[in-house]
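S.K.: missing the sequence, but the structure's below:
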């Protein structure tokens, strides 16, 4: 009653948002240890939880304005908590910046994936991870240190896979399509079963259809699969092998017409009796493919 009416009205309008601020404090307090209470606070501040709370609580003329403030407040305090969680990762990676990229960097990235899991797979954490991982991966790749590249991929694999799915579905994440695709290209170039490499390269091109390295590596792997099909085919499976090799050749040519490996597969297909006109597609121009 000591407050003026205007002040009472302002206090009543701000009171519903006080719990959001308290949740943000709880999330920040447990950010380093990733404890269950801080994870719960982050989850309560996430958009779906806020929307459910708004749907239950709001009605009347001021509902839209209150909802707008609630969403903005929740996102602000959640981002502040996430930034506090990322601060130690930022400091650790900065400490390692002067060292040769190796096991400590992969361990730092693995810890970052742990924070991403704690944060409910928040894209803010994924963006930070991609931004910091790509330069490290390039250093290792250019030095041809494949075990190191594998360690980086293992450290980030669940984060990158989930973020790739998000990018493909959300145009707002387009700025991260190229870097995420590059991490998938690195995975595709690792010494692994060919089908695993192909799956990673296909995913890279799905995430970023214009990514040059993704298209080049996928085309190269397709040529390799086509050659392998012809080499390993038993006599009774020759027709299927030719069809596979021709389909892989046509797709590779579409993806990267200047690929240096294309003429090699083309020559093998011609030796198999397959005519390759410019407009040939899978199954076209095949001669005597019994």
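M.R.: Ah, there it is. In this text, all values refer to a predicted model and were calculated from it rather than measured experimentally.
S.K.: show me where the stretch 101-250 of the chain has its strands.
M.R.: Counting by DSSP state E, counting those that start in this stretch, one finds no strands in the stretch 101-250 of the chain.
S.K.: where exactly do the helices run in it?
M.R.: For the stretch 101-250 of the chain, the helices defined by DSSP state H, counting those that start in this stretch cover 103-118, 123-142, 146-169, 177-188, 194-207, 212-232, 238-255.
S.K.: got the contact list for the longest one?
M.R.: Meaning helix 146-169. Identification of contacts with helix 146-169 by CB atoms under 8 Å, 6 or more residues apart in numbering yields 101-103, 105-107, 109-110, 112-113, 116-117, 121, 123, 125-126, 129-130, 133, 136-137, 140-141, 173-174, 176-177, 180-181, 183-184, 186-187, 189-191, 203, 206-207. C-beta here means a position set from N, CA and C on the backbone, and glycine is covered the same way.
S.K.: the helix or strand hosting residue 50 packs against which elements?
M.R.: Per DSSP states H and E, residue 50 falls inside helix 47-57. In terms of contacts (3 or more CB pairs under 8 Å, 6 or more residues apart in numbering; DSSP states H and E), helix 47-57 is packed against helix 63-95.
S.K.: between the helix it packs on and helix 123-142, how many degrees?
M.R.: Counting by axes from the mean of the first three to the mean of the last three CA atoms, to 10 degrees, helix 63-95 points 30 degrees away from the direction of helix 123-142.
S.K.: which other helices and strands does helix 63-95 contact?
M.R.: Looks like helix 63-95 contacts helix 5-29, helix 36-45, helix 47-57, helix 103-118, helix 123-142 (3+ CB pairs under 8 Å, 6+ apart).
S.K.: make CSV from those helices and add mean pLDDT to it.
M.R.: Below are the helices and strands packed on helix 63-95 laid out as CSV (pLDDT from 0 to 100):
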stretch, mean pLDDT
helix 5-29, 80
helix 36-45, 93
helix 47-57, 85
helix 103-118, 96
helix 123-142, 96
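S.K.: using TSV, lay out those helices together with distance to residue 236 and mean neighbour count.
M.R.: Shown next, in TSV, are the helices and strands packed on helix 63-95 (distance: least, CB to CB, whole Å; neighbours: other CB atoms under 10 Å):
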stretch	distance to residue 236	mean neighbour count
helix 5-29	63	14
helix 36-45	57	19
helix 47-57	55	13
helix 103-118	47	19
helix 123-142	42	19
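S.K.: just the helices of the stretch 101-250 of the chain: most buried one?
M.R.: helix 177-188 (a mean of 24; mean count of other CB atoms under 10 Å).
S.K.: now do that one: distance to the chain's middle.
M.R.: Relative to the centre of its chain, helix 177-188 is centred 8 Å away, using CA atoms, centre = their mean, to the nearest Å.
S.K.: now for it, which elements pack on it?
M.R.: Checking 3+ CB pairs under 8 Å, 6+ apart, helix 177-188 ends up next to helix 123-142, helix 146-169, helix 194-207, helix 212-232.
S.K.: now do the helix or strand of the chain with the lowest mean pLDDT against helix 63-95, angle only.
M.R.: Least confident helix or strand, the chain: helix 5-29 with a mean of 80, by mean pLDDT, DSSP states H and E. For helix 5-29 against helix 63-95, the angle between stretch directions is 30 degrees (the same axes, to 10 degrees).
S.K.: going forward, count from 53.
M.R.: All right, first residue 53 from here; so that's helix 57-81.
S.K.: what's the angle between helix 57-81 and helix 88-97?
M.R.: Going by the same axes, to 10 degrees, helix 57-81 makes 130 degrees with helix 88-97.
S.K.: for helix 57-81, packing partners?
M.R.: So helix 57-81, by 3+ CB pairs under 8 Å, 6+ apart, packs with helix 88-97, helix 115-147.
S.K.: now tell me what touches stretch 76-85 from outside.
M.R.: Applying CB under 8 Å, 6+ apart, the contact partners of stretch 76-85 are 89-94, 97, 129-130, 132-134, 136-137, 140.
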